[in-house]
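Novice: 3D, please:
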Amino acid sequence: MRIVFFLGALAIVGLVISGAITLQKTDGKIQIEIDKKEVVEDTQKFLDEGKEIFQNAETKMNDSAQR
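Specialist: You can find the predicted model right below:
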């Protein structure tokens, strides 16, 4: 459960850093804006990169198993 929470927090921080989620404080209020299009694009990019990492790891494992 901790891992799921950590990954969720990491994803939110990543979206804030990338600018998909912006925070503004005005008159004692905090306003959160979410750019849905940018969130979708960033998520797709993250998934593509993750898929590539797993494919590279699989290739390396298969190469080492064949030796």
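Novice: So which residue is dead centre in this protein?
Specialist: Nearest to the geometric centre of the chain sits A11, at 4.4 Å (CA atoms, centre = their mean).
Novice: Now name the helix or strand holding that one.
Specialist: Remark: A11 resides in helix 2-18, with elements defined by DSSP states H and E.
Novice: and the angle from the helix or strand following that helix to helix 2-18?
Specialist: Beyond helix 2-18 in the direction of the C-terminus, DSSP H and E gives the next helix or strand as strand 21-26. For strand 21-26 against helix 2-18, the angle by axes from the mean of the first three to the mean of the last three CA atoms, to 10 degrees is 70 degrees.
Novice: Restrict the following helix or strand past strand 21-26 to CA atoms and write it as PDB.
Specialist: Taking DSSP H and E as the definition, the helix or strand that follows strand 21-26 towards the C-terminus is strand 29-34. In PDB, the C-alpha atoms belonging to strand 29-34 read as follows (Å, rounded to 0.1, in the frame of the first residue of the first chain):
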ATOM      1  CA  LYS A  29      -6.900  30.800  -1.100                       C
ATOM      2  CA  ILE A  30      -5.100  28.100  -3.000                       C
ATOM      3  CA  GLN A  31      -6.200  27.500  -6.600                       C
ATOM      4  CA  ILE A  32      -5.200  24.300  -8.400                       C
ATOM      5  CA  GLU A  33      -5.400  24.200 -12.200                       C
ATOM      6  CA  ILE A  34      -5.000  21.000 -14.100                       C
END
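Novice: And strand 29-34, what does it pack against?
Specialist: Judged by 3 or more CB pairs under 8 Å, 6 or more residues apart in numbering; DSSP states H and E, strand 29-34 is in contact with strand 21-26. For every residue, glycine as well, the C-beta is placed using N, CA and C.
Novice: Show me what the strand it packs on is packed up against.
Specialist: The contact analysis (3+ CB pairs under 8 Å, 6+ apart) places strand 21-26 against helix 2-18, strand 29-34.
Novice: Let me know which of these is tucked in deepest.
Specialist: Mean neighbour count (mean count of other CB atoms under 10 Å) peaks for helix 2-18 among those, with a mean of 11.
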